[in-house]
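Peer 1: one predicted model, sequence on top.
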Amino acid sequence: MSRLALFFLATLHPVCGFSQDPTTLTRQSTATLQARDVVYFTTIVTVTAQPAHSTTSPSYTNSTQLQLDSLTQTNFYRQQHNASALTWNTTLASYAQNWADHCNWKHSGGPYGENLAEGFSNTTSAIDAWARESTDYSYTKPTGFSEQTGHFTQLVWKATSQLGCAVADCSRNDETFQENGGEAFGWYFLCEYWPPGNVGGDDDEYFKENVDPVVESGVMEGRCVGRVVWVAVVVGVLWQVL
């Protein structure tokens, strides 16, 4: 088993502060953000997994496949939680790639929502790991931000509309990871989100508005859940034939 770390940054922002497109956003200093009551949380969660760099996944070697897999898996979970599908943003993807290529195991400190993962064998398994944090999230009395659920809440945050992800092979750092601490190892995968999720507020009000429980029925705010409806149709046809 190799040591696997998941890293997440959650940024609290006022909701009204995200009208700009990421292509035109002006970076602000931490001091400026703090003056506006913006709070940064940085957490590390450590788990174990098989070494990922031993297998080269198509989602990691082909940029088109990475985009497809990132959107497909992200939107699968967003649909489950009553959130609209994200669209791909090349500015976010380029930003993510630039940071990933440094193999630096810490957050970029940029203006976007950001989820990091390392050591996973493909895009899908990394996003699945973020989504599994939902088991620790409370919907009746929202958990708000926590290190146990921060990846998940950003993943399904309803106000987020755009996504850009990237990956880098940082396997050269495997043997020095323990010594240096700050270097990523294996496959280093990250996603940038716009507008950022995990927005704070009084009594975690924005978490109540933006993180919904799993939709149990086949309808999602007037939109049919394609996966559920399709299964129902297929079963109905088979029943008629038999």
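Peer 2: It's in. Numbers count the residues shown, from 1 in each chain.

Peer 1: now the strands for this structure?
Peer 2: Assigned by DSSP state E, the strands in the chain fall at 2-11, 40-49, 87-88, 113-118, 162-170, 186-194, 219-220, 223-224.

Peer 1: strands paired with the fourth one, and their directions?
Peer 2: Looking back up the chat, that one is strand 113-118. Here strand 113-118 is paired, per DSSP bridges, with strand 2-11 (antiparallel), strand 186-194 (antiparallel).

Peer 1: report the buried residues of the longest helix along the chain.
Peer 2: As assigned by DSSP state H, the longest helix anywhere in the chain is helix 63-80. Judged by neighbour count using 16 or more other CB atoms under 10 Å, the buried positions of helix 63-80 are 66, 67, 69, 70, 71, 73, 74, 75, 77, 78, 79, 80. Using the backbone N, CA and C atoms, a C-beta is placed for each residue, glycine as well.

Peer 1: and the residues you listed, which two are furthest apart?
Peer 2: The distance between the two most remote of the buried residues of helix 63-80 (CB to CB) is 21.9 Å, for 66 and 80.

Peer 1: which secondary structure element of the protein has the lowest mean pLDDT?
Peer 2: helix 30-35 (a mean of 22; mean pLDDT, DSSP states H and E).

Peer 1: residue ranges with poor pLDDT in this structure?
Peer 2: With pLDDT under 70 as the threshold, the chain has low-confidence stretches at 1-56, 173-182, 217-242.

Peer 1: residue 84 touches residue 159, doesn't it?
Peer 2: No - using CB atoms under 8 Å, residue 84 is not in contact with residue 159, being 9.5 Å away.

Peer 1: and residue 122, how many neighbours?
Peer 2: By the measure other CB atoms under 10 Å, the count of residues near residue 122 is 22.

Peer 1: which ones are touching the spatially closest residue to it that is not a sequence neighbour?
Peer 2: Computed as CB to CB, 6 or more residues apart in numbering, the closest residue to residue 122 that is not its neighbour in sequence is residue 57, at 3.8 Å. The contact partners of residue 57, taken as CB atoms under 8 Å, 6 or more residues apart in numbering, are 121, 122, 123, 187.

Peer 1: report the beta-bridge partners for the last one.
Peer 2: With DSSP bridges applied, the residues forming beta bridges to residue 187 are residue 169.

Peer 1: now it: how far from residue 83?
Peer 2: For residue 187, the distance to residue 83 (CB to CB, to the nearest Å) stands at 26 Å.

Peer 1: what about the two, which has more around it?
Peer 2: Per other CB under 10 Å, whichever of residue 187 and residue 83 has more neighbours is residue 187, with 28 against 25.

Peer 1: which of the contacts of residue 57 fall in helices?
Peer 2: Counted as lying in helices by DSSP H, out of the contacts of residue 57, are residue 123.

Peer 1: turn the contacts of residue 57 into JSON lines, columns for distance to residue 154.
Peer 2: Converted to JSON lines, these look like this (distance: CB to CB, whole Å):
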{"residue": "121", "distance to residue 154": "22"}
{"residue": "122", "distance to residue 154": "20"}
{"residue": "123", "distance to residue 154": "16"}
{"residue": "187", "distance to residue 154": "20"}
